[in-house]
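Peer 1: Here's my sequence, what's the structure:
(chains A and B)
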Amino acid sequence: MTATQALSAGGTLAFTEEHEELRSVVRRFLADRSPETEVRRLMETIEGYDPVTWTMMAERLGLQGLLIPAEYGGASAGFVELQIVCDEMGRALLCAPFLASAVLATSTLLAFDNPRAHETYLPRLADGSLIATLAMTEAAGSWSGTDLTTCAVAVVDGDGDRFELTGDKVFVLDGMVAQLLLVVARTDSGLGVFAVDADAPGVAREPMSTLDATRKQARVSLQNVPGTLIGVDDTSSGPLSAALDRGAAALAAEQAGGARRTLEMAVEYAKVREQFGRPIGSYQAIKHKCADMLLEVESSTSAAYAAGWAIDEHSSEAGVLASLAKAYCSEAYYHCAAENIQIHGGIGFTWEYPAQLYFKRARSSEALLGSPRHHRELLAQRLGI
Amino acid sequence: MTAPVKDAGVDRSRLSEHEFAGELKSFLGARHPGRPPRGTAENLAFLRAWQATLADEGWIAPAWPRRWGGMDLPVALQAVYHREMTLARTPVPPTNFVGIVGPTILTNGTDAQRERYLRPMLRADELWCQGFSEPEAGSDLAALRTRAVLDNEVYRITGRKIWTSKAAIADFMLLLARTGSLESRSRGITCMILDMNAPGVAVRPLRDITGGRYFAEVSFDDVEVPVGNRIGDHDDGWRSARVTLGHERSTSLTAAAVRYQRVVRDLIELARARNQLDDEVVRQELARLITGARLLELNGARVLAQVLHGQTPGPVSSVSRLQHGLFEQRLHEVALDLLGADAMLDARDPRLAQDGKWVRGFLRTRASTIGAGTAEMQRNTIAEKVLGLPADREER
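Peer 2: Reported below is the predicted structural model:
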């Protein structure tokens, strides 16, 4: 039975009361801690997040530990719960290293069966005291893993998991604030993931100037930097790709949340803005744009959560649906964010109005973790085409 | 002659999904009629016989009450029904149970009308058409002009309907006619059952873009309709005929989504047969269509899940039909692209052989964004009813 057949038959895709409760708690929290003024303040900083808010997210709501098993201090929550949180964060444009640390780095650690690494890092990731990120992409800007040049060399006399890493990483999410870098590098036996202390000698970090100032990225260069092996992935469907699929599914939910917010902004404005003596929302040209946006927003929600559901069910379709969701939600969010500006007209083009923030987040997220084209190709391959 | 109304056999409404699917599969294993023949007359006879079999064995009208020959299935089983029927590639019966005619009589007809018409409709002993659109009343249906004048015990009908599907083979028409002034718009329309064999009815087939004669223009020259054939009240037909049954539209759209998964697989095979699967542009297009078909299914599954959890279907239910229409068109546009120079051929050219279906579908699906409400009207409805944007027309 495919995931969607099961969905049609069992109707699992309806959100439960617990889901709705989680959503409203997170929405209230973000309305309080991440209003637009705060987003604009953090955009201008190098760190790009507020440590107090970050701590509250962990201590009050346990968000950073959602994916982490209870034995390591996490919530052992489902992936759909995580997506609900990402959905809300996308809506509020939260500036925080959540995707980097609580999704990508955490999923990467969990994907490898390495109890020592789990014991070392997961409890501190769960309580928010440790910020980690995945350092994968290099100059080619790809997430396929086939073109990486960063090398890991085993340390002679080491105990087998100590390596030295050399290479240049770019587009490292929240690379300036992460204390732990999970670096993907070539080894003799395939791609390895290594734990690297961000303050270790030989690590040089510098912020990149990003189109989307609400999400920070960094260049990280490594020169003979000590790293501890987390695990090796010599396949194209192993732990690393499973972790990236989770990142894609979470980001898709974030995109769905952002897209829904842009539709709401557009509709709110179209109801009150008058031209030629009537609200612009009474014109079909505007109505049709909004109707098309709704179609995309609803489909984005379906696609994103179907991927999350498949992950929770350990369905063989999880990868297919993650790629499908990332490709679809990327384009849908971009289109909605662009239409939102168009419907607002001149004011949508201003710096002061938040439409630009969503537009930049949308375009940037489209490229993050692989473009729609990349994911459509993955989708085809995964279906054996 | 029509069979008498009888209690339609077994009650399957309380089976588990698994049991239900098993029974349906074994029924289809024994009784699946195979592919319909091609000739028009043979095709129709074949499909009518198939529908009668379904009705007699209690495998028809999943959402209808059992009292009137339906299966009275809960929503979850309706979905299983539509899915299994689609997966088994069963021929589509000539009567559209999801459409407006049956639900209108079921909901707003008198018991006498239900007794008289529903059973023969279920068995396809009598076929129906729907007399709504007119030359001057397409999207703006409330502007319809076909006149019904009350004259003692009959309505006298004069006027013209167009785009009437199956008019040439129908025994009856569910008619919307003007009983008030033109200015009364939707408040002056009455719904009634018209005998297509009555004196004064003339049917002129319309040839459509595919060359087929599926639609017709129907004209009425002083046709008498007994007052007893009226459905609902005088002048209240607008409301009477805007009935759909439960959530059957949602569940049947889910079935359509299942069918598209298969059609997309056929399209992938077309690309394979034509050695185009290594072409990156083709791979991207196919991935987009796979996505589109899956989204139809996922959106349908979400509507169904909401219904099953006792929630009102949210906005997602309102976009499904629009999405289906746009998807069908895109699917066939890509198919024609894969056909290359063969896209210059008519479906009947021997060089196309089985691939003629893509050309026929390409033409047929132009109607997907026109029939039963244009895409533009659907977008208006979504914008106003779901998003709450202000109306720019006088009435809804």
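
Peer 1: where along the stretch 51-200 of chain B do the strands fall?
Peer 2: For the stretch 51-200 of chain B, strands defined by DSSP state E, counting those that start in this stretch occupy the ranges B:128-131, B:147-151, B:154-165, B:172-178, B:189-195.

Peer 1: My error: substitute the stretch 201-350 of chain B in the last question.
Peer 2: B:201-206, B:215-226, B:230-231.

Peer 1: Dump the ones you listed into TSV; add distance to chain A, mean neighbour count and mean pLDDT as well.
Peer 2: Every C-beta, even on glycine, is put in place using the N, C-alpha and C of the backbone. Shown next, in TSV, are those (distance: least, Cβ to the nearest Cβ, whole Å; neighbours: other Cβ atoms under 10 Å in any protein chain shown; pLDDT from 0 to 100):
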stretch	distance to chain A	mean neighbour count	mean pLDDT
strand B:201-206	28	15	96
strand B:215-226	27	19	97
strand B:230-231	32	23	96
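
Peer 1: Figure out which of the strands of the stretch 51-200 of chain B is closest to chain A.
Peer 2: Proximity to chain A (Cβ to the nearest Cβ) singles out strand B:154-165 among the strands of the stretch 51-200 of chain B, at 22.7 Å.

Peer 1: on that earlier part again, out of the strands of the stretch 201-350 of chain B, the one nearest A:Glu298 is which?
Peer 2: strand B:215-226 (32.2 Å; Cβ to Cβ).

Peer 1: Could you name the helices and strands sitting against that closest one?
Peer 2: strand B:154-165, strand B:189-195, strand B:201-206 (3 or more Cβ pairs under 8 Å, 6 or more residues apart in numbering or on different chains; DSSP states H and E).

Peer 1: rerun that using 6 Å as the cut-off
Peer 2: strand B:154-165, strand B:201-206 (3 or more Cβ pairs under 6 Å, 6 or more residues apart in numbering or on different chains; DSSP states H and E).

Peer 1: what does it contact?
Peer 2: Identification of contacts with strand B:215-226 by Cβ atoms under 6 Å, 6 or more residues apart in numbering or on different chains yields B:154-165, B:167-168, B:192, B:194, B:198, B:200-206, B:208.

Peer 1: Can you tell me which of the residues you listed are buried?
Peer 2: When the contacts of strand B:215-226 are checked for burial by 16 or more other Cβ atoms under 10 Å in any protein chain shown, the buried set is B:154-165, B:167-168, B:192, B:194, B:201, B:203, B:206.

Peer 1: any idea how far the residue of chain B most remote from its centre lies from B:Leu286?
Peer 2: Distance from the centre of chain B peaks at B:Asp278, with 38.3 Å (Cα atoms, centre = their mean). Taking Cβ to Cβ, to the nearest Å as the measure, B:Asp278 and B:Leu286 are separated by 12 Å.

Peer 1: do B:Arg204 as well
Peer 2: Counting by Cβ to Cβ - B:Arg204 and B:Leu286 are separated by 42 Å.

Peer 1: again, but for B:Gly102
Peer 2: Counting by Cβ to Cβ - B:Gly102 and B:Leu286 are separated by 38 Å.

Peer 1: do B:Pro390 as well
Peer 2: For B:Pro390, the distance to B:Leu286 equals 41 Å [Cβ to Cβ].

Peer 1: Check A:Trp309 too.
Peer 2: A:Trp309 is 24 Å from B:Leu286, by Cβ to Cβ.

Peer 1: Then B:Ala353?
Peer 2: 22 Å.

Peer 1: do the same with A:Ala306
Peer 2: 19 Å.

Peer 1: same check, this time on A:Ala75
Peer 2: For A:Ala75 relative to B:Leu286 (Cβ to Cβ), the value is 39 Å.

Peer 1: And B:Leu44, how close does it get to B:Leu127?
Peer 2: 9 Å.

Peer 1: Comparing the two, which shows the higher neighbour count?
Peer 2: B:Leu127 (20 against 17; other Cβ atoms under 10 Å in any protein chain shown).

Peer 1: Next one: the more buried one from B:Phe20, what distance?
Peer 2: 29 Å.

Peer 1: List the residues that contact residue 282.
Peer 2: Here I'm looking at chain A. Residues near A:Ser282 by Cβ under 6 Å, 6+ apart: B:390, B:392.

Peer 1: Sorry, I should have been clearer: chain B.
Peer 2: Listed by Cβ under 6 Å, 6+ apart, the contact set of B:Val282 reads B:271, B:276.

Peer 1: please redo it, this time with the cut-off set to 10 Å
Peer 2: Going by Cβ atoms under 10 Å, 6 or more residues apart in numbering or on different chains, B:Val282 touches A:380, A:385, B:268, B:271, B:274, B:276, B:334, B:337-338.

Peer 1: Same question for A:Leu222.
Peer 2: Per Cβ under 10 Å, 6+ apart, neighbours of A:Leu222: A:135, A:150-152, A:164-169, A:181, A:183, A:185, A:194, A:196, A:200, A:202-205.

Peer 1: buried subset of these?
Peer 2: Buried among the contacts of A:Leu222 (16+ other Cβ under 10 Å): A:135, A:150-152, A:164-167, A:169, A:181, A:183, A:185, A:194, A:196, A:203, A:205.

Peer 1: Burial check on the spatially closest residue to A:Thr53 that is not a sequence neighbour, number of neighbours?
Peer 2: Leaving aside its sequence neighbours, A:Thr53 sits nearest to A:Arg33 (Cβ to Cβ, 6 or more residues apart in numbering or on different chains; 4.6 Å). The number of residues packed near A:Arg33 is 17, by other Cβ under 10 Å.

Peer 1: Make sure A:Arg33 is actually in contact with A:Asp50.
Peer 2: Yes - the criterion here is Cβ atoms under 10 Å, and A:Arg33 meets it with A:Asp50 at 7.5 Å.

Peer 1: list the residues that contact both of those two?
Peer 2: With Cβ under 10 Å, 6+ apart, A:Arg33 and A:Asp50 have common neighbours A:56-57, A:94, A:96.

Peer 1: Tell me which two of those sit farthest apart.
Peer 2: Pairwise over those, using Cβ to Cβ, the maximum falls at A:Met56 and A:Leu94, 12.1 Å.

Peer 1: more crowded one of these two?
Peer 2: For A:Met56 versus A:Leu94, the count of surrounding residues by other Cβ under 10 Å is larger for A:Leu94: 27 against 16.

Peer 1: Surely that one is in a strand?
Peer 2: No - in this structure, A:Leu94 is coil, not part of a strand, as judged by DSSP: H, G, I helix; E, B strand; the rest coil.

Peer 1: Look at it and report its pLDDT.
Peer 2: Note on A:Leu94: pLDDT of 98.

Peer 1: A:Ala75 and B:Leu286: which is more packed in?
Peer 2: Using other Cβ under 10 Å as the criterion, A:Ala75 and B:Leu286 rank with B:Leu286 on top: 25 against 18.

Peer 1: Let me know whether the more buried one touches B:Ile268 as I believe.
Peer 2: Yes - using Cβ under 10 Å, B:Leu286 and B:Ile268 qualify as a contacting pair, with a distance of 5.8 Å.

Peer 1: Now do the shared contacts for these two.
Peer 2: Residues within reach of B:Leu286 and of B:Ile268 at once, by Cβ under 10 Å, 6+ apart, are A:380, A:383, A:385, B:276-277, B:338.

Peer 1: Mind telling me which residue of the stretch 51-200 of chain A is nearest chain B?
Peer 2: In the stretch 51-200 of chain A, the residue that lies nearest chain B is A:Val80 (12.7 Å; Cβ to the nearest Cβ).

Peer 1: close enough to count as contact, that residue and A:Thr301?
Peer 2: No - contact criterion Cβ under 10 Å: A:Val80 and A:Thr301 do not qualify, at 11.7 Å.

Peer 1: joint contacts of those two?
Peer 2: Taking Cβ under 10 Å, 6+ apart as the contact rule, A:Val80 and A:Thr301 both touch A:13, A:15, A:253.
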